[in-house]
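Engineer: can't give you the sequence, but here's the structure:
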Ligand SMILES: C[S@@+](CC[C@H](N)C(=O)[O-])C[C@H]1O[C@@H](n2cnc3c(N)ncnc32)[C@H](O)[C@@H]1O
């Protein structure tokens, strides 16, 4: 039996995530999938993200039926089992025999012939009693479940964990330099139906593939989560303001900021600088912002290399990303509580360095896509305690309670 190319791609991506600390989001948005038919691309996304989101319950079920523990199995065998198990339980459109035999074939192709019998036996047993959904494996690590329940309360934590297992919604940010009415009509003509949201210029995609549209190619719309779109408006940007984006790559928010900084003639009237540590991510940002930003590679853990102050500063800090688990589900299996304290000390250093460059009366916005207080309120509290700055207007968004990703945004104004 041949394995479909969609299963092969999903298998390869899951293998990289597990063995090379790969990120599913990056691997899914790459040449591996870009040229696939829309339907096939959707199936690869579903398989990869579904297996990672529900890894806890899949592993629980597999362990019940396997003669060997999951840890004893080769990684290729584990992944083929998860893929088969996921299809049997969650994908109605895949016939059971195909889900079983393709996983067996994946193991054979991975040169793990001796495990084909085990994979076949486990998946056949699952196929026989697929109606009995008696899962009880947790789809989040225990320490995180406890932490969230303690912090948010049982009900909110349950809603949050439920939301992390759903399919992520796609949001568009309309480029305000084009007519909104015209862009929505053009999207509709291209088969992309959208609904308005609570945020101006933010649309929810109801059907259609926006990344394959001309509107997307022309820069009329950008793919950006609804919560992420809420960060830049807190800066109150206007043409003529100097602007520093400290952790800018890959450039979603820099791009949003640029639209507000350009004057009617499409020019910047004051310096706009975008920094990041990682050069490869930075290059992509240069494309996006059409080179209007002055881009600087720098490590913001150290004093920033500028001898001027800025009216507006954005610190969209590197973080655990626990607000984005619906799109980056592998994060939850990797994160440890120690990581949070390491991240906190880095975030505090970056924020402190950035604050030294704020003009009196200026505004700095600190944001993360984390929902952990260690990376959010505690960072603000620890840093501002040491200065005469005033924190105002903190906003927290939570999956399951609010639309989109979990996010934290804090607007900090300097006392003049
Ligand atoms: C949350 S992402 C920024 C996303 C970006 N603002 C956007 O909207 O597209 C955090 C960024 O911080 C960068 N970063 C991590 N450590 C850094 C450091 N020490 N100095 C500067 N940038 C850093 C990462 O490379 C990453 O691009």
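Structural biologist: In hand now; what should we look at? Just so it is clear, the model here is predicted, and its values are computed rather than measured.
Engineer: in stretch 222-236, what's buried?
Structural biologist: Buried residues in stretch 222-236, defined by neighbour count with 16 or more other Cβ atoms under 10 Å: 222, 224-235. (Glycine included, C-beta is placed from N, CA and C.)
Engineer: Pull up the residues of the stretch 201-350 of the chain that are close to the ligand.
Structural biologist: Taking Cβ under 6 Å from any ligand atom, the part of the stretch 201-350 of the chain that reaches the ligand is made up of 247-253, 275-278, 281, 299-301, 316, 318.
Engineer: Any of the residues you listed buried? List them.
Structural biologist: Neighbour-count burial (16+ other Cβ under 10 Å) applied to these gives 247-253, 275-276, 300, 316, 318.
Engineer: Quick check: of the residues you listed, which lies closest to residue 44?
Structural biologist: Nearest to residue 44, judged by Cβ to Cβ, of these is residue 250 at 21.5 Å.
Engineer: that older thread, let's see which of the buried ones among the residues of the stretch 201-350 of the chain next to the ligand end up in helices.
Structural biologist: 252-253 (DSSP state H).
Engineer: Switch the buried ones among the residues of the stretch 201-350 of the chain next to the ligand over to TSV; also include distance to residue 310 and pLDDT.
Structural biologist: Shown next, in TSV, are those (distance: Cβ to Cβ, whole Å; pLDDT from 0 to 100):
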residue	distance to residue 310	pLDDT
247	14	96
248	13	94
249	18	90
250	21	88
251	18	89
252	20	91
253	15	94
275	11	93
276	16	93
300	14	98
316	15	98
318	20	98
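Engineer: Quick check: the farthest pair among the buried ones among the residues of the stretch 201-350 of the chain next to the ligand?
Structural biologist: 252 and 300 (17.9 Å).
Engineer: What is the nearest of the buried residues of stretch 222-236 to the ligand?
Structural biologist: Using Cβ to the nearest ligand atom, residue 228 comes nearest to the ligand of the buried residues of stretch 222-236, at 6.5 Å.
Engineer: hang on, isn't that closest one packed against residue 251?
Structural biologist: No - if you go by Cβ atoms under 8 Å, residue 228 and residue 251 don't touch, sitting 11.9 Å apart.
Engineer: Now residue 78: closest residue in space that isn't a chain neighbour?
Structural biologist: Residue nearest to residue 78 in three dimensions, not counting chain neighbours: residue 70, with 5.9 Å by Cβ to Cβ, 6 or more residues apart in numbering.
Engineer: Would you confirm that the one you found contacts residue 62?
Structural biologist: Yes - under the criterion of Cβ under 8 Å, residue 70 makes contact with residue 62 at 6.4 Å.
Engineer: Show me what the helix or strand that contains residue 127 is packed up against.
Structural biologist: Of the helices and strands defined by DSSP states H and E, residue 127 is found in helix 116-128. Packing contacts for helix 116-128, counted by 3 or more Cβ pairs under 8 Å, 6 or more residues apart in numbering; DSSP states H and E, involve helix 55-65, helix 75-90, helix 96-109.
Engineer: between the buried residues of stretch 222-236, which is closest to residue 266?
Structural biologist: Nearest to residue 266 among the buried residues of stretch 222-236, with distances taken as Cβ to Cβ, is residue 222, at 17.4 Å.
Engineer: can you list contacts of the host helix or strand of that closest one?
Structural biologist: Here residue 222, judged by DSSP H and E, is contained in strand 221-223. With contact meaning Cβ atoms under 8 Å, 6 or more residues apart in numbering, strand 221-223 is reached by 170-175, 183, 187, 203, 210-211, 213, 215-216, 252, 255-256.
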